[in-house]
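S.K.: need the 3D shape of this:
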Amino acid sequence: MSDVRVYLLDTGTLVIDGYHLYWNAGPGGEVRFPCYGVLIDHPEGRFLFDTGYDLEHVNKVLPFEKPQQAAEQTIPGQLKLLGLGPDDITHVINSHYHFDHVGGNKYCTKATTIAHRKELEQSHNCQPFERLGYSDLSFDEIGPRYELIDGDTELAKGITLIETPGHTAGHMSLLVALGHRRPMLFTGDAAYTKRSIDATIISGFHLDPTASVQSLRRLSSVAEEHDAEIFYSHDAEAFAGWQVAPSYYQ
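M.R.: Here you go, the predicted structure:
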């Protein structure tokens, strides 16, 4: 679809240990990784997939992740680069509701929020070991208009959510078809990095490790089936080679 544009919104960086990045594989030690959102400017609306983290929240609750986020790297700051504001977003979708993917939802008060039924429920009734992941529930405090989904879902022509559970109960990845290049497959945290998929190594944060491995393999199959380029969630090396807003893919 030649009239679709995809923007990668740089929302700053965080730090985790290498053994959390690669469960039982490492190496250990601090790894600084990128966080980003995806804006799809489409004839049927402006779709925002993931919104990064909220700096104040991370400094208060998870300061050990050493956040680095400039004002320009908030969702309002990134949209401003495009001549847009949060009120211009028609739909917000999150791969899952961990804090580093939902921090900017609260700005998009006029958008419809597309939520996986299991993910929304789990975020409010999570296991004890998931509490830090689901520590920022500000996305729910703005009183969003939810549309609940289950399974793979086509949101608009060429925009498809793919169910990839394991990291969380209702995790979703995103496939976007474009007119002038290969499709783009955004893994969310089903695959933190290229190594995650190439070596089948899941992250240390997961609800169901077996489902996480199955989702890694499914992403590989989807990429092969659609000849899609894979965009990992937290791969610093890959991110350095991508175009970020105000540049775009079409």
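S.K.: drop to CA atoms for contacts and neighbour counts, all remaining ones
M.R.: OK.
S.K.: quick one, strands of the protein?
M.R.: For the chain, the strands defined by DSSP state E occupy 5-17, 30-42, 45-49, 91-93, 112-116, 145-149, 153-156, 159-163, 172-176, 184-186, 229-231.
S.K.: closest one to Arg218 among those strands?
M.R.: strand 159-163 (9.4 Å; C-alpha to C-alpha).
S.K.: what lines up beside that closest one in the sheet?
M.R.: Each strand paired with strand 159-163, and its direction, by DSSP bridges: strand 153-156 (antiparallel), strand 172-176 (antiparallel).
S.K.: could those be laid out in a markdown table, adding mean neighbour count, distance to Pro144 and mean pLDDT?
M.R.: Listed next are the strands paired with strand 159-163 as a markdown table, based on neighbours: other C-alpha atoms under 10 Å; distance: least, C-alpha to C-alpha, whole Å; pLDDT from 0 to 100:
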| stretch | mean neighbour count | distance to Pro144 | mean pLDDT |
| --- | --- | --- | --- |
| strand 153-156 | 14 | 18 | 97 |
| strand 172-176 | 24 | 19 | 98 |
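S.K.: using a markdown table, lay out the ones you listed together with distance to Trp23.
M.R.: Shown next, in a markdown table, are the strands paired with strand 159-163 (distance: least, C-alpha to C-alpha, whole Å):
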| stretch | distance to Trp23 |
| --- | --- |
| strand 153-156 | 30 |
| strand 172-176 | 20 |
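S.K.: Leu39: which of the ones you listed is closest?
M.R.: strand 172-176 (10.9 Å).
S.K.: residues contacting the closest one, please?
M.R.: 94-96, 116, 158-165, 183-188, 190 (C-alpha atoms under 8 Å, 6 or more residues apart in numbering).
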